[in-house]
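Chemist: Need the 3D shape of this:
(chains A and B)
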Amino acid sequence: MIADHDIIVRILAGDTHHFSVLVDRYKDRAFALACRLLGNREEAEEILQDAFVKAYRSLADFRGESRFGTWFYRIVYNACMTRVSRRHGGAASLDDPETTGGEWTIASDDRDALETIEREERCEILDAELQKLPEKFRAVLVLFYVQGQKYEEIASILNLPLSTVKTHLFRARALLRNRVLDRYKEDMRAA
Amino acid sequence: MTEHVTNEMLQLLADGELTGDTALSVQQHIRECASCSATFGSLVTFDRFARAIPVPVPRREFTQDLCSRLGIQPHTPLLFRIFEHVASVIAVLLVVMMGATVWALIALAGGDFGVNQEFPGQKVVNVAGKWLESGYVEFGDWLSRIIPNVFGGQAAKIAVMLLLMVPLVAVVDWLVGRKGTAGEL
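Modeler: Predicted coordinates for the structure are as follows:
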């Protein structure tokens, strides 16, 4: 597989068709991020197209200090947050009061409950419950679990201090875990 | 380490974000402490669970649409390009074989098909046919002299067939490529 850096060198040298290699390499994960942040496929695809166009036009400015993926996901994330912020009438803070502060306990019987949930049901529950989390939590969870990014890369993409990423990820997981377990218990009671 | 490890530290270990002595020390504590071991197990279980987050994918035409918007050609791997040419060659061969079969069947049924019957522009076709035939024979003779006598002396004819197929394959390739691009726009 050709390294991203080599592809960029070729594109800048005039072999523009190589840009489609980068597109194919990053579109799925970037789309997953945009989709999760915006909660809408059409909007996510529109944002992603714009992000790729922006990346293509500013490729000469990419200095290779970070990985191409990190640089590109940052473009996608910023575009998504601008769209989300517009939706919220320009509100900068997207915090859910329910998710700030508080204790984050982990009950030992969680483990058994989680293991009993079938694969198909897991996808359904995660899909629904993830979408109910605030955008900042969704972003860290998708970057960590779907894209397999390390903490430092997430911090770089989201332009946040490393300590904030750790906190967000920890709280996001705790919140998602609690919601998944609550839903599971409700389903069990209803059955 | 005698005190319990914080949940944050256990999570860092589960995420592979702890290294060196700190990681070793936390691992050692987990081995000795049932409570921390249970919590760590719970964290790892949730991690496995969360990896089932569904991943939506964009439309199949996404890359093609984007390339059209940017005015660039998408990159096609070499093997795929070779496969495309082979497919064109097979397509042309099939058409030629079908045409030859139909011609042979009609000729068998009616005898001397198209030779004794009058149709508009027959003279032009006859002249062109004669010219192609003589050109083919001359070209075939020339090739016979330079190509070794293989396949029972048919090498020259095969070479002519292959050469004649090149422009046909190129036309089919062009048409297929054009249709593919136009379809995405």
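
Chemist: got a pLDDT number for B:Ala87?
Modeler: Here the pLDDT value assigned to B:Ala87 is 78.

Chemist: Which of the helices or strands spans it?
Modeler: Per DSSP states H and E: B:Ala87 is located in helix B:78-110.

Chemist: Tell me how many other residues crowd A:Val180.
Modeler: A:Val180 has 23 neighbours, counted by other CB atoms under 10 Å in any protein chain shown. Glycine gets a C-beta too; all of them are placed from N, C-alpha and C.

Chemist: Which residues of chain B lie near chain A?
Modeler: B:7-8, B:11-12, B:15, B:17, B:38-39, B:41-43, B:45-47, B:49-59, B:62-63, B:65-67, B:69-70, B:72-75 (CB under 8 Å from any CB of the partner chain).

Chemist: How confident is the prediction for B:Gly153, by pLDDT?
Modeler: Per the predicted model, pLDDT is 57 at B:Gly153.

Chemist: And for B:Val92?
Modeler: 79.

Chemist: ok, it - contacts?
Modeler: Counting by CB atoms under 8 Å, 6 or more residues apart in numbering or on different chains, B:Val92 touches B:Met165, B:Leu168, B:Val169, B:Val172.

Chemist: How about residue 49: what's its closest non-neighbour residue?
Modeler: Since no chain was named, I'll use chain A. Excluding the flanking residues, the one nearest A:Gln49 by CB to CB, 6 or more residues apart in numbering or on different chains is B:Leu66, at 5.7 Å.

Chemist: That was the other one, I meant chain B.
Modeler: A:Leu114 is the one closest to B:Phe49 (CB to CB, 6+ apart), at 4.9 Å.

Chemist: pretty sure that neighbour is touching A:Leu181, no?
Modeler: Yes: because the distance of 7.4 Å satisfies CB atoms under 8 Å, A:Leu114 is recorded as touching A:Leu181.

Chemist: need the next SSE after the lowest-mean-pLDDT helix or strand in chain A, C-terminal direction.
Modeler: The weakest-scoring helix or strand in chain A, judged by mean pLDDT, DSSP states H and E, is helix A:110-116 (a mean of 70). Note on helix A:110-116: by DSSP H and E, the next helix or strand toward the C-terminus is helix A:119-131.

Chemist: Show the average pLDDT along that next one.
Modeler: 83.

Chemist: And the lengthiest helix in chain A, what does it pack against?
Modeler: Ranked by residue count, the top helix of chain A under DSSP state H comes out as helix A:162-190. Helices and strands touching helix A:162-190, by 3 or more CB pairs under 8 Å, 6 or more residues apart in numbering or on different chains; DSSP states H and E, are helix A:110-116, helix A:119-131, helix A:135-141, helix A:151-158, helix B:7-14, helix B:34-50.

Chemist: redo that, cut-off 6 Å
Modeler: On a contact count with 3 or more CB pairs under 6 Å, 6 or more residues apart in numbering or on different chains; DSSP states H and E, helix A:162-190 meets helix A:110-116, helix A:119-131, helix A:135-141, helix A:151-158.

Chemist: three-state assignment of A:Leu160?
Modeler: coil (DSSP: H, G, I helix; E, B strand; the rest coil).

Chemist: ok, how many other residues are close to B:Ala170?
Modeler: 12.

Chemist: same thing with B:Ser42?
Modeler: Neighbour tally, B:Ser42, other CB under 10 Å: 23.

Chemist: Name the helix or strand of chain B that has the lowest mean pLDDT.
Modeler: helix B:155-184 (a mean of 63).

Chemist: Can you name the residues of chain A sitting close to chain B?
Modeler: Proximity of chain A to chain B (CB under 6 Å from any CB of the partner chain) is limited to residues A:16-18, A:20-21, A:23-24, A:27-28, A:31-32, A:35, A:45, A:49, A:52, A:56, A:106, A:108, A:110-111, A:114, A:122-123, A:126-127, A:145-146, A:151, A:170, A:177.
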